[in-house]
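**Q** Fold the following, please.
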Amino acid sequence: MNKIVAFYCFILLAVSASAQNGLYNALSIPEALQKNASEVVRSQKTAFNVKGASTASEIETVVVTVLNGESDANELVFYYNQYSKIKKLWAKVYDKNGEEVNAYKQKEFSDGSAVDNSTIYSDSRYKHLTVNHNSYPYTIEYQCVKEHKGIMAYPNYPVNGFGKSVQSFEVKVVLPAGFDLHSKIENVKLKASVNKIGEAKTYTWTGKNLPALKPEAYIPSDQKYPKLWISATKFAVDGYEGDMSTWNSLGSFFYKINKDRQEVTPETKEKIKKLIAGAATDKEKIKRIYQYMQDEVRYVSVQLGIGGWQSFEAKYVEKNKYGDCKALSNYMKSLLEIAEIPSDWVIIYRGYRGRKEIDKDFATPSFGNHMILYVPSEDMWLECTSKSYPPNYIGGDNHDRPVLLVTKDGGKISRTPKYGLEENRSLTRANINLDAKGGAVIKQQTTHHGPSHDRYRQLKNYPKSDVEKYIVRNTSLPALTLDKFAIEVDPDAPIATVDFNITVPRYASKAGKRVFVPINNLNPFQEVPESEKERVHPVKIENDYHEEDAYIFDLPEGFKVESMPEENTVLESDYGKYTLDLKVTDKTVTVTRSLDIYAVELPATDYNKLRDFYKKIAQLDAAKMVLVKKAT
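**A** Next up, the predicted model:
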């Protein structure tokens, strides 16, 4: 029996076996697999057959029991594009006793374009089916057969997860002679084996009775998701051959498919030469060119063919005045070349949460989702999709993470700058004029620096009504009226200043002759996570930040302070620092507050210590002073 016949026999046996061993009967699920679960994968069997550097076939057969409405396993979605075609697709539904109640053919799945709001062109599509049954639990079985032509990134396979347990998991990868792969098992225990038949190899990974995970606060992003990663060594796509046995060789491939795409028109060359004339330093040249690029073009996602990895030519961006992150980074690189300033493309995983680290021994194109630019001679980083960031600022969603520099000498792992306590901070000054009924008129100014300012720089260009809604929605004050607001951003530094006047009818509460006034209703700390008795994962706070607040309360006529929190409080730990100071005069109370939250990595056993520290901060911020009417 040759390996192809054996490959398909494996799948057929897997399907028939599931019928024989009661995988459709929801009542037979072990109790341990139901704990913390909203769905149980009874069987997941995948066979991935590599036929050559650019071709492969894949068969996935899954039996999953939906336990309750918190699961989305009933939403079946299968993506495809010009490189990956769906050849066969079906689904069946079984009641809790394992009796078939419905079946769906491929033609009954809807077909749609996988395009988001910022993408104008894409060849990515999907097949979709929503499966419903009149009572829980019920079981869904489906099979998807794909043919891949022009394959670079091998699939990766999620295993168990939050709310998802797995009874049986199996992935087989068949490689022809002369091919190899590397793999990585992440946050789960799987058995791995390799079997050789002649020069061909079959890799197999299996897992049994893997419990559902319970969500926990502050889980390190690289420990959240149990997953099997596989990655090719040899590959070919659109006539380009590559190797990803190392990050250096993968970077060489990215360089190869993107070089010689930097030509711009003579007119643009002349514009840039005139623009930088008289600039005393390369930094000044970069600043002028970067701001020119921001004024000339805008970000739009364009994902066609090899466009997932290859940039459009600089002339395309020049003509159309738009491009995706790769195209805009390449365009900026092209403009810098006119000034004889070399730069490198940078592949990065962008996101405010879920920062990904790079495994130096496992190269894969799946680690990144974005491209920026790096100028090594000046140690400057450029986020080319932003129309307003100052040069050498890349935003809180790009800071302090590993990246792959794409250089003429191959890929090189580096790291973006970290925005710590000095860079990521906000400074607030507010005057709070109280009345005898508990109402207040507030004039506030907050200056945001670094990642703290990112949102306000974006809001600067939003319609006034949207900004008003954002400010009202993101305050803890009840039933306020926004009387006036203004946002100013520094063109040369990551700083935004927000001024607003608001009226709050119920800032404080009145009871008889007393008024109970919260000392910090403007910026209270509210990030206290839930208590966890059996913490499993370690803890990671990803970002440092610093806050300084000064509030001057003007007391109502005829009132005095009867009681208030301690005048001077200091909390300090390995997780941060908090200070609170109150000063009283006949007519005012001044509250000065500072807060440092540290980026930390902690063992699971320290979770409740961190929580207790955060809880103390929240309690101090929630304190009230009591005003009483003066005796007459």
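**Q** residue ranges with poor pLDDT in the protein?
**A** 1-21, 115-122, 302-307 (pLDDT under 70).
**Q** what ranges do the helices span in it?
**A** 3-20, 31-34, 247-258, 266-276, 282-296, 314-320, 325-338, 454-459, 464-473, 607-621 (DSSP state H).
**Q** So which of those helices is the most surrounded?
**A** Of all these, helix 325-338 carries the top mean neighbour count, a mean of 25, counting by mean count of other Cβ atoms under 10 Å. Heads up, the C-betas are built off the backbone N, CA and C, glycines and all.
**Q** how far is that helix from where the chain is centred?
**A** On the basis of Cα atoms, centre = their mean, to the nearest Å, helix 325-338 sits 25 Å off its chain's mean C-alpha point.
**Q** send the alpha carbons of it over as CSV?
**A** Only the C-alpha atoms of helix 325-338 are listed here, as CSV (Å, rounded to 0.1, in the frame of the first residue of the first chain):
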residue,chain,number,x,y,z
CYS,A,325,1.5,48.3,6.3
LYS,A,326,3.9,46.6,4.0
ALA,A,327,3.3,48.9,1.1
LEU,A,328,3.6,52.1,3.3
SER,A,329,6.7,50.8,5.0
ASN,A,330,8.3,50.0,1.6
TYR,A,331,7.3,53.4,0.3
MET,A,332,8.9,55.1,3.2
LYS,A,333,12.0,53.0,2.7
SER,A,334,12.0,54.1,-1.0
LEU,A,335,11.9,57.8,0.0
LEU,A,336,14.7,57.3,2.5
GLU,A,337,16.9,55.7,-0.2
ILE,A,338,16.6,59.0,-2.2
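**Q** what's the angle between that helix and helix 266-276?
**A** Helix 325-338 runs at 70 degrees relative to helix 266-276, counting by axes from the mean of the first three to the mean of the last three Cα atoms, to 10 degrees.
**Q** helices and strands around helix 325-338, which ones?
**A** When contacts are defined as 3 or more Cβ pairs under 8 Å, 6 or more residues apart in numbering; DSSP states H and E, helix 325-338 packs onto helix 266-276, helix 282-296, helix 314-320, strand 344-348, strand 370-375.
**Q** can we see that at 7 Å?
**A** Helix 325-338 sits against helix 266-276, helix 282-296, helix 314-320, strand 370-375, with contacts defined as 3 or more Cβ pairs under 7 Å, 6 or more residues apart in numbering; DSSP states H and E.
**Q** quick one: which of the ones you listed is nearest residue 209?
**A** strand 370-375 (37.8 Å; Cβ to Cβ).
**Q** list the buried ones in stretch 136-153?
**A** Counting neighbours by 16 or more other Cβ atoms under 10 Å, one finds that the buried residues in stretch 136-153 are 137-148, 150-153.
**Q** of the helices of the chain, which approaches residue 570 most closely?
**A** Shortest distance between residue 570 and the helices of the chain, using Cβ to Cβ, is found for helix 607-621: 10.5 Å.
**Q** Need the residues that contact the closest one.
**A** Contact with helix 607-621 is made by 520, 524-529, 531-532, 535, 539, 569, 571, 573, 575-576, 578, 580, 595, 602, as judged by Cβ atoms under 7 Å, 6 or more residues apart in numbering.
**Q** what do you get for stretch 550-558?
**A** Applying Cβ under 7 Å, 6+ apart, the contact partners of stretch 550-558 are 429-436, 517, 522, 587-592, 627, 629-630.
**Q** at 6 Å what do you get?
**A** 429-436, 587-592, 629-630 (Cβ atoms under 6 Å, 6 or more residues apart in numbering).
**Q** quick one: terminal-to-terminal distance for it?
**A** Start and end residues of stretch 550-558 are separated by 24 Å (Cα to Cα, to the nearest Å).
**Q** Which parts of that stretch count as buried, going by neighbours?
**A** Neighbour-count burial for stretch 550-558 [16+ other Cβ under 10 Å]: 551-553, 555-556.
**Q** Sort out for me which of those residues are in strands.
**A** Counted as lying in strands by DSSP state E, out of those, are 551-553.
**Q** Nearest to residue 243, out of those: which one, please.
**A** Out of these, the member with the shortest distance to residue 243 (by Cβ to Cβ) is residue 551, at 60.4 Å.
**Q** For that closest one, name its beta-bridge partners.
**A** Using DSSP bridges, the beta-bridge partners of residue 551 come out as residue 430, residue 591.
**Q** The residue nearest to residue 103 when sequence neighbours are not counted and residue 138, how far apart?
**A** Leaving out its chain neighbours, the residue that sits closest to residue 103 by Cβ to Cβ, 6 or more residues apart in numbering is residue 92, at 4.8 Å. Here the criterion is Cβ to Cβ, to the nearest Å. By it, residue 92 lies 11 Å from residue 138.
**Q** Over to residue 209?
**A** Taking Cβ to Cβ, one finds residue 209 at 21 Å from residue 138.
**Q** cool, and residue 171?
**A** Applying Cβ to Cβ to residue 171 and residue 138 gives a distance of 26 Å.
**Q** cool, residue 202 as well?
**A** 34 Å.
**Q** cool, residue 47 as well?
**A** From residue 47 across to residue 138, the span is 26 Å (Cβ to Cβ).
**Q** And for the closest residue to residue 402 other than its chain neighbours, the neighbour number?
**A** In space, and not counting its chain neighbours, residue 402 is closest to residue 358: 4.1 Å by Cβ to Cβ, 6+ apart. Residues lying near residue 358 (other Cβ atoms under 10 Å) number 20.
**Q** what's the answer for residue 631, then?
**A** 7.
**Q** Next, it: phi, psi?
**A** With angles defined as degrees, to the nearest 10, residue 631 sits at phi -70, psi 140.
**Q** wait, isn't residue 217 in contact with residue 529?
**A** Yes: using Cβ atoms under 6 Å, residue 217 is in contact with residue 529, at 3.6 Å.
**Q** Outline the domain layout of the protein.
**A** 3-240, 244-415, 425-629 (automatic domain parsing).
**Q** Pick the most buried one from the ones you listed.
**A** When those are compared using mean count of other Cβ under 10 Å, domain 244-415 is most buried, at a mean of 19.
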